[in-house]
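>>> Below is the structure, and that's it, no one-letter string:
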């Protein structure tokens, strides 16, 4: 975003104002920096220097997009969302999830940027607050959420927004897209992280069994109930309940589930005492709940209650750029008997598959292939056959066609990659 040449006063923040800002920011526990409208880093607090300035490279006076992203252009010109451009348009704060280069490697960072105005109402500087996202990794990791593709980052950004609240979260996605991992990340990023996370698998449970599992039962409530049994709601006190495959909850039980969510009260099977629950709800399903409501298969009132904050989890075919990262994560897990890697040709084939089973299918394919990799390298011959639906991949050099009539965003879309990825490839070829 070029600076408005007519606004000379906004090209740099007055030093006195910067010093005042820095003095204030020094008391902040989170990393914060001061920027001028030309993207130059004017100052940083101690928390920023500790967390992001440990590479030994100077950052004061440098462009923020060079320090954080190693770009030669502002983020919006490199296919990213630029919070400074948005904050200038809104004349107010903007927030975005970015992947930053840090001394520890690439990391997801939640960025919040606020403009600072002078006495004439002109933007004279920006204050940027940076929070490292601990619930996901942009590098190979042995557990938890892993990814850095635009589709993954969009879901992760939504998670970061809702996690600190008490709103119910509904995770929507195909089977195998990592719904339980996302639920665990919501819990870990919430104020209830110190409490229990209780997972309830709603699929395959009859009405009686579901009610007993969820609410517990009293002694003698039914044949075989020799003792009082606490339910999973009791176990989840001060924590989070994750109702996996909530679309499978028996219709007759949905009204009792709705009462639990709305009033926070319940009774054990065979009991008369009203008990009080205290939990945060996360639900997930691969079923089209809205269509089920229309068919009378799912209660409308329950649907609207759990659908307060839906998050769509992308299928693996929309995250082809993450397949290498996920593959290296699976192969590096401590449970592996030995170190196994994957060669470029085999990885390219994996990136072209349709993956109807998503991440779960990828993990199974890699576990099987590793058994055939006697020399520790997975090759194409070790992969099980699968009907491939090739993604459009670049045909020239490092991924850029020799000729294309259209915009950069249209070119990225035609290649099936993000505009940010296209920019990096253009840059490597000297075409950016």
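Perfect, thanks for sending it. All values derive from a computational prediction rather than experimental measurement.
>>> Surely residue 256 touches residue 268?
No: with contacts defined as CB atoms under 8 Å, residue 256 does not count as touching residue 268, sitting 11.7 Å away. The way it works is simple: take the backbone N, C-alpha and C, and place the C-beta from them, glycine included.
>>> which neighbours do the two share?
When contacts are counted by CB atoms under 8 Å, 6 or more residues apart in numbering, the set common to residue 256 and residue 268 consists of residue 215.
>>> Tell me which of those two has more neighbours.
Counting neighbours by other CB atoms under 10 Å for residue 256 and for residue 268 shows that residue 268 has the greater number, 22 against 18.
>>> For that one, give me its contacts.
Contacts were defined as CB under 8 Å, 6+ apart; by that measure residue 268 touches 215, 216, 217, 218, 221, 228, 231, 275.
>>> 7 Å - rerun?
Contacts here follow CB atoms under 7 Å, 6 or more residues apart in numbering; on that basis residue 268 touches 215, 216, 217, 218, 231.
>>> what do you get for residue 102?
residue 52.
>>> do that again at 8 Å, thanks
When contacts are counted by CB under 8 Å, 6+ apart, residue 102 is found next to 51, 52, 109, 132.
>>> Can I have the buried ones of these as a ChimeraX selection?
Of these, the buried ones can be selected in ChimeraX as follows, counting by 16 or more other CB atoms under 10 Å:
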select :51,52,109
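>>> so where's the stretch 201-350 of the chain shaky on pLDDT?
Across the stretch 201-350 of the chain, the stretches falling below the confidence threshold (pLDDT under 70) are 334-337.
>>> All the helices of it, in order from the start?
Taking DSSP state H, counting those that start in this stretch to define them, one finds helices in the stretch 201-350 of the chain at 207-215, 232-235, 251-263, 289-294, 300-306, 323-331, 344-352.
>>> can you pull the buried residues of stretch 101-111?
If you call a residue buried by 16+ other CB under 10 Å, then stretch 101-111 has these buried ones: 101, 102, 107, 108, 109, 110, 111.
>>> scratch that, stretch 242-260 is what I was asking about
Going by neighbour count (16+ other CB under 10 Å), the buried part of stretch 242-260 is 242-247, 249-250, 253-254, 256-258, 260.
>>> Can you give the distance of that stretch from its chain's centre?
Chain-centre distance of stretch 242-260: 26 Å, with CA atoms, centre = their mean, to the nearest Å.
>>> what's the average pLDDT for the helix or strand harbouring residue 16?
Under the criterion of DSSP states H and E, residue 16 resides in helix 15-25. For helix 15-25, mean pLDDT rounds to 74.
>>> As a check, name the ranges of all strands in the stretch 301-432 of the chain.
Secondary structure of the stretch 301-432 of the chain (DSSP state E, counting those that start in this stretch): strands at 309-312, 341-342, 377-378.
>>> List just the one of those strands that sits closest to residue 237.
Counting by CB to CB, residue 237 lies closest to strand 309-312 out of these; the figure is 22.4 Å.
>>> Remind me what the closest one packs against, helices and strands.
If contacts are counted by 3 or more CB pairs under 8 Å, 6 or more residues apart in numbering; DSSP states H and E, strand 309-312 sits against helix 150-162, strand 169-172.
>>> Distance across stretch 295-313, terminal residue to terminal residue?
For stretch 295-313, the first and last residues are 24 Å from each other (CA to CA, to the nearest Å).
>>> And for that stretch, what's in contact with it?
Contacting residues not belonging to stretch 295-313 are listed as 155, 158-159, 162, 165, 167-174, 177-179, 182, 246-247, 251, 254-255, 257-258, 261-262, 281, 283, 289-290, 292-293 [CB under 8 Å, 6+ apart].
>>> What residues of it count as buried?
298, 299, 302, 303, 305, 306, 307, 309, 311, 313.
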